[in-house]
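Enquirer: Take a look and give me a structure for this.
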Amino acid sequence: MLVIVHSCSELGFIPDALLIYPAKKQTGDYHSKMNADNYQKWIKEKLLPNLPPQSVLVIDNASYHNKKNTKPILYDIIKKNKPNHVEFVLDKILEGQGHSVLRLPPYHPELNLIELLWGIIKGKVASQNAKFNIKNVEELFRKEAESITLNMFSAVWRKTREHEEKYVQLEPKVDNFTDSLIIKQGNSDSETSSSSSDESMRAVDEFINDSD
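Expert: Numbers count the residues shown, from 1 in each chain. Presented below is the predicted three-dimensional model:
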């Protein structure tokens, strides 16, 4: 198995940001698998030096992306004054260099540009991988990653934006449906509440179908 870490934008992969090594092999100070410490090391050593100024880094909810600052004093202050606030170590690293972080909602890879690109690259690698060894897979990955054109990056970027806009438009209907469920729980007239919920669900379904 290979550990592969990279970053990209609509203009292509971030230059010199690729990290790739066998999962069972220690490469420099990187250990056998990706974790929060290794991810932060990659951020500091390979991404930050090559990231354009004032970038917005969009990441998913992988556990190593979300290491929390749990120092007792800080935790006590947060608990007393901001019970809903969570401070992530990664955010502090990036914000300290003038960048910001946006986290994707769980289970929405269609909103993640690089996830869609990974799918394209993995499909091409799988179709050519006749030797079934790590070295060959790494060579194929590098070749296919370099073959992704600017037009392909732009097309995938537009696709993620389309998904994003779809969810933005869907939000009011989802809110209405959620409100109807709350009303149903507090309403003694179950028949009326059920009817309202059914109508809201149909409205959401119709909107989703119309948007596809």
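
Enquirer: okay but Glu10 is in contact with Ala155, surely?
Expert: No: using Cβ atoms under 8 Å, Glu10 is not in contact with Ala155; the gap is 9.7 Å. Placement of C-beta: from N, CA and C, glycine included.

Enquirer: What segments of this structure are helices?
Expert: 36-42, 72-81, 89-95, 113-128, 134-147, 150-186, 190-211 (DSSP state H).

Enquirer: The fifth one versus helix 113-128: what angle between them?
Expert: What that stands for is helix 134-147. With axes from the mean of the first three to the mean of the last three Cα atoms, to 10 degrees applied, the angle from helix 134-147 to helix 113-128 works out at 130 degrees.

Enquirer: Now helix 134-147: buried residues?
Expert: Val137, Glu138, Leu140, Phe141, Glu144, Ala145 (16 or more other Cβ atoms under 10 Å).

Enquirer: can you check the fourth one too?
Expert: By neighbour count, and taking 16+ other Cβ under 10 Å as the criterion, the buried residues in helix 113-128 are Leu113, Ile114, Leu116, Leu117, Trp118, Ile121, Lys122, Lys124, Val125.

Enquirer: Would you convert those residues into JSON lines that also reports distance to Asn133?
Expert: Output for the buried residues of helix 113-128, formatted as JSON lines (distance: Cβ to Cβ, whole Å):
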{"residue": "Leu113", "distance to Asn133": "30"}
{"residue": "Ile114", "distance to Asn133": "25"}
{"residue": "Leu116", "distance to Asn133": "27"}
{"residue": "Leu117", "distance to Asn133": "24"}
{"residue": "Trp118", "distance to Asn133": "20"}
{"residue": "Ile121", "distance to Asn133": "18"}
{"residue": "Lys122", "distance to Asn133": "16"}
{"residue": "Lys124", "distance to Asn133": "17"}
{"residue": "Val125", "distance to Asn133": "13"}
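
Enquirer: got the contact list for the nearest residue to Leu102 once chain neighbours are set aside?
Expert: Distances taken as Cβ to Cβ, 6 or more residues apart in numbering put Val58 closest to Leu102, at 4.9 Å, once the chain neighbours are dropped. The contact partners of Val58, by Cβ atoms under 8 Å, 6 or more residues apart in numbering, come to Val101, Leu102, Arg103, Leu104, Asn112, Leu113.

Enquirer: quick one, what contacts the first one?
Expert: Residues in contact with Val101 (Cβ under 8 Å, 6+ apart) are Val56, Leu57, Val58, Ile59, Phe88, Leu90, Asp91, Leu94, Glu95.
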